[in-house]
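> Test case, fold it:
(2 chains)
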Amino acid sequence: MRNRAAILSIATAFVALLLLAFVSVLLVTNYESQANLKATLLQRFQAENERLAGGLSAFFSSRGEDLVTLASSRVLEVFFENQALGMSMEYGLRQSLPPIHQKFLASMDRIRVGNDWPCDRMVLIDASGAILVDVRAPGGDGPRHMDLKDLREPRYRNTVVLAEDGGDEVVLSLAYYFKDRYAGQILAWVRTQFLFDYVLIHELKSSAAVYFMTGKDIITDRSRHGTVTMPPIEPTDTPVEFNGVWRDGKNVRLVAVKNLVMHSPFALVTVAPSRDVFGPLNPRGLLIGMAVLAVVIIGAAAFVVRQNVRSMVLEARLQDSLRHEEEVTAKSLQMEEEIADRREAEDALRESEERYRMLIDTSPDIIYTVDAGNDRIQSLNLAFEKLTGWQRDAWIGRPFPELIHPDDRDLAAGTIAEVRRGEPRSRYELRILTRSGEYRTAEFTSNALFEDGKVVAAFGIARDVTERKRLEEQLRHAVKMEAVGQLAGGIAHDFNNMLSVIIGYCNFLLDDMRTDDPLRQYVELVMASAERAAHLTQNLLTFSRKQIVSMQPMDLVTVVRKVEPLVSRLVGESVRVGLDLPARPVTVLGDSTQLEQVLMNLSANARDAMPSGGLLKIGAGAVEIDEAFRLMRGFGRSGPYAVLTVADTGAGMDDSIRERIFEPFFTTKRIGKGTGLGLSIVFGIVKQHHGYIDVTSHPGKGTVFTVYLPLLPESAIREDEARQKERPRGGTETILIAEDNGDVRTMLVKVLQGAGYGVLEAVDGEDAVAKFQMEPAVRLLLFDVIMPNRNGKEAYDSIRARRPDVRVIFISGYTADILDKSGISEKEFDFLQKPVHAPALLAKVREVLDRKA
Amino acid sequence: MVSRRKAVLVGIIFSIALLALPRGGAWSQDLDDIKARGVLRHLGVPYANFVTGGGDGMDVELVQLFAQRLGVRYEYVRTNWDDCIGDLTGKKVRSKAGGIEVVADVPVRGDMIANGMTVLPWREQIIDFSAPVFRSQVWLVARADSPLRPIKPSGNIDKDVAAVRLLLRDRSLLCKANTCLDPTLYGLDETGARTLLYPGPLNELAPALLNGKAELTILDVPDALVALQKWPGRIKVIGPVSGMQDMAAAFRKDSPKLRAAFNAFLAELKKNGTFPAIVRKYYPYILDYYPRFFQEP
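All right, here's what the predicted structure looks like:
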């Protein structure tokens, strides 16, 4: 029995020892397993807090960028530019603030979540701390009062985050500089509640408490109701365990970890009861249990079974956690690959867009798109900036018609309407407003841009054709001038021959008449009319730049007084003529007959503008053209100018007529009532006198023409008169005249013989060469240029081959360019224009004969 | 006895003749006639954002709603500043010192003018204005590079105007005759300024200033606000040359019912918030300048 008991005891002891050994092995294994598991859970707890801190950091960084973007926006710059110009809030400056208000509101709205505004106030204060713009979220009471002057901080050139007392708000602050001077501060308030509600709690999976801390001070705990009592958390990035009071008021073991939030003055602390973090793990308890189990061996089996079951549960939980971690790791890898793929695709897309943009921007033509819905400009290429001087951004989003000349807007609207219907439109011209305020003409081609079968935009190309249009206009003008010149040149020769005879014989009559002869006045009238007729031809040639005018110093006042009786007759009795002339002479270098023509033509124009009568006022004077004058009028070279004004009280004219009045053949009169050349001739004459002409007119308020001519000193006339008073001397030399027009030839012979010269006559070039061979004493040739058989130049060349010292004067009524074709240029040869005046002829003959070889 | 019979007969014939005459004169087109005709003709000069010329504008929307209220078709009749009063009344007029001068009889082309027309005494001599639709003032404007500095507001408009007038001596000043920017309305010729009358449209004054046509110009507040928005940093407001002014719709003097109907309609739009909404659409910032004007009934 004893043996049996002993055996049983031994067996029991052996079994107990075996059991104890077995349980001990199990307990040690279990302790190590739980210690490892606790370390893993603690790492996860820490990683969770790091992730939350990272999210907060990203949020503050993003809001900081928002403020930097606002600070660089044009609307802020415009306000401070206008302020720098001195504008006041009452008169115009306030206009610059609403765009800033809108910009701020848009920035706040962009991060809104439903009806929750994370940023519920944005403020712009000036350098003195005064509020310029104060934007608050709709429905929000806004933050507590704070003296904003204290928030001025010129050092904050990058956005900084400030903690406000009480912890309800966080303030983001950025100094604003205008032209390198501190101009104010941009401030934005962010609600900490939003950070808890959307940034932290959404992400926080456990029931832990979350705190913001600045230094050692806890700002707030809004994550859950109730407070937690705990000692200061000193170390960062390392979890700590301690005894504290949890939110339910019980003393428990707590675990906490603290991480810094970048881009802010905060640290983020997460606290949780140890049991929530680690579960029922208690490795030390297991050691105590081993001692108890050593005493209670018998119950060890059941305890061991129970412990084994718990171990199995814990093992399963650990396995589950590890599997979960592996899944997370796998998903993270997959996500990184996806991010890499997406980044690669984005890079490729960016490169493609870059190439496309370069292609668009290097185009010399404007390429644009316009929203088909509201006609607003969607895009513009670089050529737009080069062509117009505008910045593209200034026009993106603005109505396309605003860019177009008001007169072209109907056409622009029509073409957009066609494109909106899907019909392309090509080669139409619109004038585009440039930054300088001028308009440039562009040739447009437009097409529709479809999306889902609907026209969403108009896109097209606009080519600058301003220069081409100008050249076309110049060409048209030149062709017109050429036509007039051809016409004038064609009649000039015959007409001048006839006038030469009339004027020449009038001279003879006047020379032979007594000064008191009653018929003398008639001859003088014939003479004057013939001279005017000659000048009319010359004026027509002058206007078409085919005539060379002979200028001499003259007094404008004298010209006006001379013409006044003719003007009075011209305008009729219903128009009163008034003169406004200075007492002193106004001297210019000009052709008197041409200037008379200017006055007559402008007077005729005034008469036609006053069919019911009125006042025609002619004035003269002097003016100094300076920089201010040129800026106002847009023309003129600096210096003293004579001024001739012709003003009427007639119907006036609008801009469209005023711009065209100097064009050849432009007339507002009925067919047959005006040639359209009158003002063109005026323009041509003024230009040949190196002057300017200006016209101001308003419908119903009359018209004023102002002619500016370079002013000469008064002494110029006296010197010229002295020269002219010298009566041309005659001579005894022999002169050979070649002229195919018999009347003219006879007149020339008579003048020269009357002055004592010996004269030989020839009827053409060939006859002249023959006559010269018969009479080698000839000293001077007086040759018409255009003659049958041989022309004047050919005859002269033939004679000169025999007698190089023979001298020549050419005369002609043809236009300058025809003479050039005949080899005669006024610069190379002595030349007289028909109709030839006797004094001028005698003076020229004497001058050429007396000239030293 | 015979003479009494004759007198009665003449009286009857005269009465019949009077009844046969069109009521209100040859041009009379009051509310009843417009409803009978079925169309309301809106005379409009393209100007600022009142009538943009592109088929919309603050006054275009206002009159379109009015036509809708009357139950008639809306018809826009384009006109210009010189002719608009003639197109409404049949009398082409122009302003002269202390009054107006009738220049010619012209055809009537519309029933009301609405394009930001300023209420001026000379205009009131020939047309009636509705209740004020817009608040304005005339400001002196210069290019940003002008040596003139904007005045410092004194809090008193009269003093501000006087301060601005002192700056005008020997300066070239671009104005527009026969409009609210006519220099004679504010005695600008007496300041020593060289006034230049701009022949082009009113809304080209600011571009003309930028193109150097003159050193200065005057603009009313709506146009100035548009210009400040279009050319930020290129122009500046020197100060006021006038007191506060009202803009309103204009009616013939023989269209009292039409005018009364418009005034009632306008009051209703102000009350239900439609009017401020329309104003904000075309002048987003004017409410900051005159907030009470646009919201008070």
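
> CA only for contacts and neighbour counts going forward, please
Noted.

> CA atoms only for stretch B:67-77 - export them in CSV, please.
Coordinates of the C-alpha atoms in stretch B:67-77 are reproduced here as CSV (Å, rounded to 0.1, in the frame of the first residue of the first chain):
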residue,chain,number,x,y,z
ALA,B,67,-41.9,94.9,-70.8
GLN,B,68,-42.5,91.4,-69.5
ARG,B,69,-44.5,92.9,-66.6
LEU,B,70,-46.5,95.0,-69.0
GLY,B,71,-47.2,91.9,-71.1
VAL,B,72,-45.7,93.4,-74.3
ARG,B,73,-42.8,92.6,-76.5
TYR,B,74,-39.4,94.2,-75.8
GLU,B,75,-37.7,96.0,-78.7
TYR,B,76,-34.3,97.7,-78.4
VAL,B,77,-33.7,100.8,-80.5
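
> and for it, what are the contacting residues?
Stretch B:67-77 is contacted from outside by B:34-35, B:38-44, B:63-64, B:109-110, using Cα atoms under 8 Å, 6 or more residues apart in numbering or on different chains.

> Just give the nearest non-adjacent residue to the residue nearest the centre of chain B, would you?
Residue closest to the mean C-alpha point of chain B, counted by Cα atoms, centre = their mean, is B:M117 at 1.0 Å. By the measure of Cα to Cα, 6 or more residues apart in numbering or on different chains, the closest residue to B:M117 outside its immediate chain neighbours is B:M247, 5.2 Å from it.

> is it fair to say the one you found lies in a strand?
Yes - according to DSSP: H, G, I helix; E, B strand; the rest coil, B:M247 belongs to a strand.

> what helices or strands is the host helix or strand of the residue nearest to the centre of chain B leaning on?
Here B:M117 sits within strand B:112-118, counting by DSSP states H and E. Applying 3 or more Cα pairs under 8 Å, 6 or more residues apart in numbering or on different chains; DSSP states H and E, one finds that strand B:112-118 contacts strand B:39-44, helix B:58-70, helix B:84-89, strand B:245-252.

> packing partners for the following helix or strand past that strand?
Tracing the chain C-terminally past strand B:112-118 and defining elements by DSSP H and E, one meets helix B:121-124 next. In this structure, helix B:121-124 packs against strand B:99-105, with contacts taken as 3+ Cα pairs under 8 Å, 6+ apart.

> surely the residue nearest to B:M117 meets B:R123?
No - using Cα atoms under 8 Å, B:M247 is not in contact with B:R123, being 11.8 Å away.

> rewinding a little: list the beta-bridge partners for the residue nearest to the centre of chain B.
Counting by DSSP bridges, B:M117 forms beta bridges with B:A248.

> residues in contact with it?
B:180, B:247-250.

> go on, B:R94?
Shown here is B:R94, whose contacts under the criterion Cα under 8 Å, 6+ apart are B:82, B:100-103, B:178.

> Quick check on it: phi, psi?
phi -140, psi 150 (degrees, to the nearest 10).

> and what of A:A840?
Dihedral angles of A:A840 (phi, psi; degrees, to the nearest 10) stand at phi -60, psi -40.

> Centre of the chain to stretch A:431-442, how far?
A distance of 9 Å separates the centroid of the chain from that of stretch A:431-442, by Cα atoms, centre = their mean, to the nearest Å.

> got it, and stretch A:838-853?
The chain centre lies 62 Å from the centre of stretch A:838-853; the measure is Cα atoms, centre = their mean.

> for it, what is the average pLDDT?
Mean pLDDT, stretch A:838-853: 86.

> just stretch A:132-141 next, same as before
Averaging the model's pLDDT scores along stretch A:132-141 yields 80.

> Mind jotting down where the helices sit in the stretch 651-800 of chain A?
Per DSSP state H, counting those that start in this stretch, the stretch 651-800 of chain A has helices spanning A:655-658, A:678-688, A:715-725, A:742-754, A:765-774, A:792-802. These are given in chain order.

> So which of those helices is nearest chain B?
Put simply, out of these the one that sits nearest chain B is helix A:655-658, at 7.6 Å, with distance taken as Cα to the nearest Cα.

> who's in contact with the closest one?
Counting by Cα under 8 Å, 6+ apart, A:695, A:697, B:199-200 sit against helix A:655-658.

> and these as CSV, adding distance to A:Y31 and pLDDT?
Conversion of those to CSV gives the following (distance: Cα to Cα, whole Å; pLDDT from 0 to 100):
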residue, distance to A:Y31, pLDDT
A:V695, 110, 90
A:S697, 109, 88
B:P199, 101, 87
B:G200, 98, 84
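
> Are any of those buried, and if so which?
Among the contacts of helix A:655-658, those scoring as buried are A:697, B:199 (criterion: 16 or more other Cα atoms under 10 Å in any protein chain shown).

> What number of residues are in the vicinity of the closest residue to chain B within the stretch 201-350 of chain A?
Taking Cα to the nearest Cα, chain B has its nearest neighbour within the stretch 201-350 of chain A at A:R350, 33.2 Å off. By other Cα atoms under 10 Å in any protein chain shown, the residues close to A:R350 number 12.

> Same check on the one 4 residues further on?
As a burial measure, A:E354 scores 12 neighbours (other Cα under 10 Å).

> Of all the residues in the stretch 1-150 of chain B, which one is nearest chain A?
With Cα to the nearest Cα, the shortest gap between the stretch 1-150 of chain B and chain A falls at B:P150, namely 5.5 Å.

> quick one: that residue and B:L167 touch, right?
No - counting by Cα under 8 Å, no contact exists between B:P150 and B:L167, whose distance comes to 9.8 Å.

> Which one's more surrounded, the two?
With other Cα under 10 Å as the criterion, B:P150 and B:L167 differ in neighbour count, and B:P150 comes out ahead with 22 against 17.

> Residue 83: how many residues sit nearby?
Answering for chain A, as no chain was given. One way to gauge burial is a neighbour count; for A:Q83, by other Cα under 10 Å, it gives 18.

> meant chain B, my bad for not saying
16.
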